[in-house]
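Turn this into a model:
(chains A, B, C and D)
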Number of protein chains: 2
Amino acid sequence: MTKVDNLIESRVRVKKGEHIYQQGQKMDALYSVRFGTLKSENSLADGRSQVTGFHLPGEIVGLDGIGSNVYTSNSVALEDSEVCMIHLNELENLSRQVPSLQAQFHRILSREISQGHQHLLALGTMRAEERLANFLLNLSDRLALRGYSASEFNLKMSREDIGSYLGVQLETVSRLFSRFAETGMVQIKQRNVKLIDIAALEKLAGRQSSNQSTIVCPPFNLSSEPGSM
Amino acid sequence: MTKVDNLIESRVRVKKGEHIYQQGQKMDALYSVRFGTLKSENSLADGRSQVTGFHLPGEIVGLDGIGSNVYTSNSVALEDSEVCMIHLNELENLSRQVPSLQAQFHRILSREISQGHQHLLALGTMRAEERLANFLLNLSDRLALRGYSASEFNLKMSREDIGSYLGVQLETVSRLFSRFAETGMVQIKQRNVKLIDIAALEKLAGRQSSNQSTIVCPPFNLSSEPGSM
DNA sequence: CGCTTTATTGAGAGATATCAATACTTGTGG
DNA sequence: CCACAAGTATTGATATCTCTCAATAAAGCG
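Residues are numbered from 1 along each chain as shown, chains lettered A, B, ... in the order given. Purely as a prediction, here's the structure:
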């Protein structure tokens, strides 16, 4: 386990708006979020881009770069944050010696794949309001895992970021927040969100209530909780 | 390398329509497509489902199950096919001894993540005709990698499967095929497709012509070529 | 050869995008 | 500390794309 701790090469502070890495840049390391919030964004050749994920403390970014030795996304801080660098070759060396680390790393990679599929399912089959409800509940779950309130939190991302992530325009996000507030499901003051009627949100999001379709796994040192967006 | 060959536990034949594995089932192995075509589909708690990928020979399925020891998708044969079983624990054991195998496995997992992001980008930012052009070109590229014609091929999936994969209705797919044919970009006879004006398709798909934004990697024994859908 | 599945095509409805105007925040420099 | 500018969010009116429902046609299968 001391070996595992040695993996943490260095801590890096990034200010709001700064990049951790950029699309096309040589992939040297993974980054674990220590505190703060990040977003990942992918770009198309013609310039269009989309937010593909938001990352909370404990989650790992940069996994998309392993396949081609080049990051295939941008990673940007949504607030002043700190990340830990994890050099891939050291992680691979160590994981050959420590089977539990190897297994954990594979689980992290695999969960990233599953989460991507869940997100695809949302973009491909859900209407905008369903996607937004899903987004709020997902965020709530992940904040709760970290000891924060599940029912009240501050969004670190703009309406534009949320819209991009959900595949809708920012105006649509704004209108839906207003609609959710009108029907009493949530209270919204700018970026402060209170979830009032969680059951209604779950129904909208297609979560069968009192059913655990989300798979929760025990925490671990090199951890990246399930449900990263 | 003989060790690597030993990973191939057994070959399994599946008939058109049969499942290789199902969502919720205990994850025991990965499967490499030997011949034929598979689709992956994910379901929502409320019953809606979506095709999240099509898989050609050489590609590996089941990666989504590693994170939770349970498959999170269904895998279905679109035609009579054969797959090879690869037991995860044996792959992990061997990859601790063979660094090149370890690295290759990580690349495969990572590419799956990147491809997921590319697909998200398509569903989130592209219009239906752009998605379909993108789909045709992607399929063409992958068939060409396997020695098939890049410009003429037979679709193994229904309009419904394509629509599900692209996040549109099957009628929309059918209309777009007709429209593409009218404008002379393609010729379509049921499931037989001829790409006529590839440049026009590339323009639609947002691929800057004469630019290689897709990253191609050398093949490998335990291979899963880039671009799996 | 008929039955079932799959694909095509049309007409109308609905969801979300687009364009535009206004309001609210936040940060910065005088 | 205030005022202004820049960025962010809200809301409305209209346009557009895609869906939905429906009818027909074609293909695959037993």
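
From here on, just use CA atoms for contacts and neighbour counts.
Fine.

neighbours around A:Val186, how many?
Counted with other C-alpha atoms under 10 Å in any protein chain shown, residues neighbouring A:Val186 total 22.

I'd assumed A:Val193 was in contact with it.
Yes: using C-alpha atoms under 8 Å, A:Val186 is in contact with A:Val193, at 7.0 Å.

so does the lengthiest helix in chain A get close to chain B?
As assigned by DSSP state H, the longest helix anywhere in chain A is helix A:99-125. Yes: judged by C-alpha under 8 Å from any C-alpha of the partner chain, helix A:99-125 and chain B are in contact via A:102-103, A:106-114, A:116-121, A:123-125.

List buried residues within these.
A:102, A:106-114, A:116-121, A:123-125 (16 or more other C-alpha atoms under 10 Å in any protein chain shown).

Which residue is the nearest non-sequential neighbour of the spatially most distant residue from the centre of chain A?
Relative to the average C-alpha location in chain A, and by C-alpha atoms, centre = their mean, no residue lies farther out than A:Gln97, which sits at 29.4 Å. Spatial nearest neighbour of A:Gln97, chain neighbours left out: B:Arg96 (7.2 Å); criterion: C-alpha to C-alpha, 6 or more residues apart in numbering or on different chains.

quick one: contacts for the one you found?
A:95-97, B:102 (C-alpha atoms under 8 Å, 6 or more residues apart in numbering or on different chains).

Mind pulling up the pLDDT for it?
Per-residue pLDDT puts B:Arg96 at 97.

Which positions in chain A make contact with DNA strand C?
A:126-129, A:167-172, A:190 (C-alpha under 7 Å from any atom of the strand).

Please convert the buried members of these into PyMOL selection syntax.
Typed into PyMOL, the line below selects the buried ones among the residues of chain A next to DNA strand C, using 16+ other C-alpha under 10 Å:
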select buried, chain A and resi 126+128+129+167+168+169+170+172
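
Helices - which of the residues of chain A next to DNA strand C land there?
Per DSSP H, the residues of chain A next to DNA strand C map to helices at A:128-129, A:170-172.

Of the residues you listed, just say which sits nearest to DNA strand C.
DNA strand C has its nearest neighbour among these in A:Ala128, at 3.6 Å by C-alpha to the nearest atom of the strand.

these two touch, right, the closest one and A:Val168?
Yes: counting by C-alpha under 8 Å, A:Ala128 touches A:Val168, with 7.0 Å between them.

and the strand or helix carrying A:Thr52, does that touch DNA strand D?
In this structure, A:Thr52 sits in strand A:49-55 according to DSSP states H and E. No: with C-alpha under 7 Å from any atom of the strand as the criterion, DNA strand D is not reached by strand A:49-55; the gap is at least 13.9 Å.

and that strand, what other elements does it pack with?
strand A:38-43, helix A:159-166, helix B:99-125 (3 or more C-alpha pairs under 8 Å, 6 or more residues apart in numbering or on different chains; DSSP states H and E).

Of those, which is nearest DNA strand D?
helix A:159-166 (3.9 Å).

quick one, the closest one and strand A:38-43 angle?
60 degrees (axes from the mean of the first three to the mean of the last three C-alpha atoms, to 10 degrees).

next one: helix A:159-166 to chain centre, how far?
Offset of helix A:159-166 from its chain centre (C-alpha atoms, centre = their mean, to the nearest Å): 13 Å.

Could you do stretch A:196-204 as well?
21 Å.

Could you export it as PDB, CA atoms only?
The C-alpha atoms that make up stretch A:196-204 are tabulated as PDB, following Å, rounded to 0.1, in the frame of the first residue of the first chain:
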ATOM      1  CA  ILE A 196     -37.900  18.900  -3.200                       C
ATOM      2  CA  ASP A 197     -39.800  16.000  -4.700                       C
ATOM      3  CA  ILE A 198     -37.200  13.400  -5.400                       C
ATOM      4  CA  ALA A 199     -39.800  10.700  -6.100                       C
ATOM      5  CA  ALA A 200     -41.200  12.800  -8.900                       C
ATOM      6  CA  LEU A 201     -37.700  13.300 -10.300                       C
ATOM      7  CA  GLU A 202     -37.000   9.600 -10.200                       C
ATOM      8  CA  LYS A 203     -40.200   8.800 -12.000                       C
ATOM      9  CA  LEU A 204     -39.300  11.300 -14.700                       C
END
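
Many thanks, have a good one.
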